[in-house]
Each structure stands twice: as structure tokens, then as C-alpha cells.
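Engineer: need coordinates for the following:
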Amino acid sequence: MSTPMATTRFSVLDRSRVREGRTAAEALRDTVRLAREAERLGYHRFWVSEHHGVPGVAGSAPTVLAAAVAGATHSIRVGTGGVMLPNHRPLVVAEQFGVLEALFPGRIDMGLGRSVGFTDGVRRALGRGKGEADAFEEQVAELLGWFLGTSPTGVRARPAEGLTVPPFVLAMGEGAAVAARAGLPLVIGDLRDRDRMRRGIDRYRAGFRPSRWSAEPYVVVSGTVAVAATAKEARRLLLPEAWSMAMARTRGTFPPLPPAGEVEARVTTARERELYTAGLRGHVAGTEEEVARELEALVAETGAQEVLVTTSTHDRAALLDSYRRLARVTGIGTAAPGA
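Structural biologist: Reported below is the predicted structural model:
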């Protein structure tokens, strides 16, 4: 590939989406199987996410799932995209990542987000309120302090203390400033609001302070990418997720992913149609040649060192084919589609 994409890393974020007609357990096993395939194809990292009380997402305990992924793979970096730090005590998070790093040395990433539970019920169950996100910067500092052994409490975080687990901040807006002041790598999306994304990256680079964790700014751009033999097939990959997002906005629940062929018949109201159509915009989707051009432009526009790809759809075979095609067009792998 020509520059700048030739030097860009590509990684995978999987949210363990439940598919209609399948169980949460199957979704988690699918995540582990996808991690093995991502490793074979040459992706740099494989991250998992944190969601609570969501019918369509099985990934509620990212450090537990990361352990399963790391145990089933050999060389790919494994981490979280991310652990929502306001939901947890920093000591416990440090201990969990310390255990992961002790078991899988040199392979663990610590992606951290500032979101709290999605609904009032989830926040009550977690014992957290919306205001917890306001203390994110202090929580990050405390978490990193447990690895450095600088906590004033006299308590030692074992086995985390003295270990190096690369931290990342997942953010837009204020979170990007937190990453800059702490000198941490930034993971930023989404691709549907490119102007906002660019502003966040600019603020991050302008305010970056070198740290023991990162000597210079490091930007990871995250978004949905779908690749298929035709543009129409690539767009079909996006339909189940767009429908689920529309349902979440109109009915208050994020359901399992339905088959693409059934989606159009389910969108019944004007509001659902509006949200569903909006959910199909702003992603990178198309043939291999189309996706390669768009990713090249994205990397040139943002100066990102890495692209974190997430793709959710009902058809698992088509999902795997998309990742194989993407590996080929980005130059990280040589596997043929459908192999």
C-alpha cells in the first residue's frame, strides 16, 4: 500500500453482539473465535467492550472476556475498548489488569472510557450516578498510581504494581483533553461526525504532555468498516446494527441483531425510519477498492497511527469475510475472502 496507510496499524474491537436465534454464550464464543481469526490475519490488537443490562450485547465483563481471548490466542495484543472507569474502583481495575499482564506478559492493553451505566436502573445497580464521569481524570490518575506504587494509602496493588500495561483513553470532547494532560494514547470516534473528531484530535495534539506512558501523541481512530464483493453487499452488513440502534432510541432497548433480509420490514414508523437511515450514514463501507481509498483518505486527514475497526452484523460468515477482505486491502494479511 502507498503511504500513509502503509505504516498504519489496524486492530479489531468486538462488542459480542447477540444474534437473533442465538444465545449470549454463543456470542461470547463467537468473540473468541473472531479473535483467533484476527490474529491469523495479522491485526495488531483485539479489544472487547463493556455494556451492562443490554439484551443485544453479551460483553458485560471485559477483563474476564479479555482473559478468555488472550488464552485462546498467542501473539495478538488483547485489551478493552474499554473498561468504563467511572463504574469501578480504580484499585480493582488495576488488580484485574495486573492479573492479565502477569498471565499474558507484553500482550495486554488497558483501554479506559468515561461513560457510566446507560440507564438509571443500570446506574443504580452499579451504585454509580451520572456525576461519576466528572471525576474521570482523577480516576485515571489514581489507576495509574496503583501501577507506579504511588498511592498514599499504604495499600499495594498486587500484582499490578511495577507492571507496565499500556493505557489508552477512549474519548471525544473533554476526554481527549484528559488524555492529552495525562500523556496517554487517544482512541477517538465516531466516523459519522468527522468535524468533531478532527477537533478532538487537534485539541489532543495541541495539549499533549509527554509522560512515562507515551513520549508523543498517539491517535487511534475507531469506527465501523464493512467490506464485501459489492457495495450493496457491504451496505447489507450495516442493516442489523442500524435497526438495533433505531430500536434503542425509540423503544429504550438495544435488541439482538436480526437477519439483514428481515430488517426493512421491521422499520414501521417515521421516527424509526429517520433513525434507521441516519444509522447507515458515516461508516466506511464498500468494495475492497472503495474501502481502501476511503481509509487512505481518513488516515491522511487525521494523521492517525492506528485504525480500530468494529463491525456488527447478523451473518457471521459475511462478517468474517469482511475482516479478511480488509486485511488484504490494508496490506496486513494475504488470506483470500472466504478462505
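Engineer: output the lowest mean pLDDT helix or strand found in the protein.
Structural biologist: Ranked by mean pLDDT, DSSP states H and E, the helix or strand of the chain with the weakest confidence is helix 120-126, at a mean of 69.
Engineer: tell me the first helix or strand C-terminal of that helix.
Structural biologist: On the C-terminal side of helix 120-126, the nearest following helix or strand under DSSP states H and E is helix 136-148.
Engineer: partners of the helix or strand following that following helix in the sheet?
Structural biologist: The helix or strand immediately downstream of helix 136-148 is strand 167-170, counting by DSSP H and E. Counting by DSSP bridges, the strands paired with strand 167-170 are strand 110-113 (parallel), strand 186-188 (parallel).
Engineer: any idea of the mean pLDDT in strand 167-170?
Structural biologist: Average pLDDT, strand 167-170: 96.
Engineer: run the chain-centre distance for it.
Structural biologist: Taking Cα atoms, centre = their mean, to the nearest Å, one finds strand 167-170 lying 11 Å from the centre of the chain it belongs to.
Engineer: again with stretch 6-18
Structural biologist: Chain-centre distance of stretch 6-18: 7 Å, with Cα atoms, centre = their mean.
Engineer: quick one: buried residues of it?
Structural biologist: The neighbour-count check on stretch 6-18 (16 or more other Cβ atoms under 10 Å) flags 8-18 as buried. Where C-beta positions appear, they are placed from N, C-alpha and C, glycine not excepted.
Engineer: pull the CA atoms of it into CSV?
Structural biologist: C-alpha atoms of stretch 6-18 as CSV (Å, rounded to 0.1, in the frame of the first residue of the first chain):
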residue,chain,number,x,y,z
ALA,A,6,1.3,1.6,4.7
THR,A,7,2.6,2.4,8.2
THR,A,8,-0.9,2.3,9.9
ARG,A,9,-1.8,-0.4,12.3
PHE,A,10,-5.3,-2.0,12.1
SER,A,11,-7.0,-3.5,15.0
VAL,A,12,-10.4,-5.0,15.9
LEU,A,13,-13.0,-4.1,18.5
ASP,A,14,-15.7,-6.7,19.1
ARG,A,15,-18.8,-5.9,21.2
SER,A,16,-20.0,-9.5,21.5
ARG,A,17,-23.3,-8.7,19.8
VAL,A,18,-26.0,-11.3,20.3
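Engineer: model confidence over that stretch, on average?
Structural biologist: So the average pLDDT for stretch 6-18 ends up being 94.
Engineer: for the protein, longest helix please?
Structural biologist: In the chain, taking DSSP state H as the definition, the longest helix is helix 231-251.
Engineer: can you name the element that comes right after that helix?
Structural biologist: The helix or strand immediately downstream of helix 231-251 is helix 260-266, counting by DSSP H and E.
Engineer: quickly list what the residue nearest to residue 322 when sequence neighbours are not counted is bridged to.
Structural biologist: Closest residue to residue 322 apart from its sequence neighbours, by Cβ to Cβ, 6 or more residues apart in numbering: residue 227 at 4.7 Å. Counting by DSSP bridges, residue 227 is bridged to residue 286.
Engineer: could you measure residue 227 against residue 15, distance?
Structural biologist: Using Cβ to Cβ, to the nearest Å, residue 227 is found at 18 Å from residue 15.
Engineer: before we move on, what about residue 299?
Structural biologist: Residue 299 is 23 Å from residue 15, where distance means Cβ to Cβ.
Engineer: do residue 76 as well
Structural biologist: Going from residue 76 to residue 15 by Cβ to Cβ gives 17 Å.
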